[in-house]
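> Kindly return the folded structure for what I paste below:
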Amino acid sequence: MVRVGGPWIGQLGLRLALAFVGVALAAVASVILLGLVTTSGDINELSKGEQLDLTHATAIGVAAAYDRAGWSRENLVPLADLVVSAGAGMRLMDKAGNVILSSPNFDSDGPAPQRTEPVVVRGQRVGRVAIKFGDTGFGAAIMRFEAQRWQVRMGASALAAVIALVVALLVSRRAQRLGDYAANTVVVRTPPLQEPDLDQVLAGKYNSLRGHSVLAARLRQRVTPEEAALALQSLLRRDRLDPQARVELFRDIAAHFRALVEFPPDATEGIADEQYVRNVVDIVFRTTPGRPS
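I've put the predicted structure just below:
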């Protein structure tokens, strides 16, 4: 039994697993951030609704405690205690702005969110009540959660940045993109050539294929622009190739062109693969034979 070295999932499997894990972790961090952002509006609406409900309920209670003689302190104190127990402060003022009752924590809480609502009795405005939301109660808990939420958001952003950096370092060791790293390939940048001079690869070369004009015209029709460009670039860059790679390259290209149009033996016998490709390029790029130098 032959044992194959390396991990059982193979090198390609390891590369794909690394890529998928990195993308998955980045996706998790993105989902966390998205969740924090989308819940922001809901949290703000919940806090605003809680404040409005408490203010409105207090205004209704204060209106119920109003009689013809005005407000009685004995009737207002239990209501004020209830507001304080909810983590807020209360202040009641008459139409002239005079303070009727103010809870002890209304002034001691310092700057804090505050909401006011008029007190209406039998259609008449008799005063207004102000509710200040301090550092206790439901509103304060939401404010603390908001601060913690920003800390979590920054942590998730840092985690995503670290993951991206690690994956980039692993992929960039050989200047590979993520897909190239998974496929174990390297992208090589080749500087563009100037407008090719066909004489440098075709001048002075006898083309035996031109003796069969009908077949040559058929070959010109069947060769695509991409195939013609590939053949021309192969000839222009042939001196940059290793000898073995050069032989294999022109063998494959020549075999492809031979399969497109079959010329008689007298036109192809004894012609090397590279020469055959040169003859095809001559036919495709020149409608008339070139002048020998």
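> Buried residues in stretch 235-245, which are they?
By 16 or more other CB atoms under 10 Å, the buried positions in stretch 235-245 come out as 235-236. Using the backbone N, CA and C atoms, a C-beta is placed for each residue, glycine as well.
> Dump the C-alpha coordinates for that stretch into CSV.
The C-alpha coordinates for stretch 235-245 follow below in CSV (Å, rounded to 0.1, in the frame of the first residue of the first chain):
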residue,chain,number,x,y,z
LEU,A,235,7.1,34.0,-32.5
LEU,A,236,8.0,37.4,-31.1
ARG,A,237,8.9,35.9,-27.7
ARG,A,238,10.4,32.7,-28.8
ASP,A,239,13.9,33.7,-27.8
ARG,A,240,12.8,34.2,-24.2
LEU,A,241,11.6,30.6,-23.8
ASP,A,242,13.5,27.6,-22.6
PRO,A,243,14.5,25.3,-25.4
GLN,A,244,12.2,22.5,-24.2
ALA,A,245,9.3,24.8,-23.5
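> Which parts of the stretch 51-200 of the chain are helices?
Taking DSSP state H, counting those that start in this stretch, the helices of the stretch 51-200 of the chain run over residues 73-85, 104-108, 137-171, 178-183, 199-202.
> for the record, mean pLDDT for the shortest one?
When pLDDT is averaged along helix 199-202, the result is 69.
> now the fourth one
This predicted structure assigns helix 178-183 an average pLDDT of 60.
> Make 56 the first number, not 1, from now on.
Noted, 56 is the first residue going forward, which turns the last one into helix 233-238.
> how about the residue nearest to Asn130 when sequence neighbours are not counted, phi and psi?
Excluding the flanking residues, the one nearest Asn130 by CB to CB, 6 or more residues apart in numbering is Ala120, at 4.0 Å. Phi and psi for Ala120, reported as degrees, to the nearest 10, are phi -80, psi 0.
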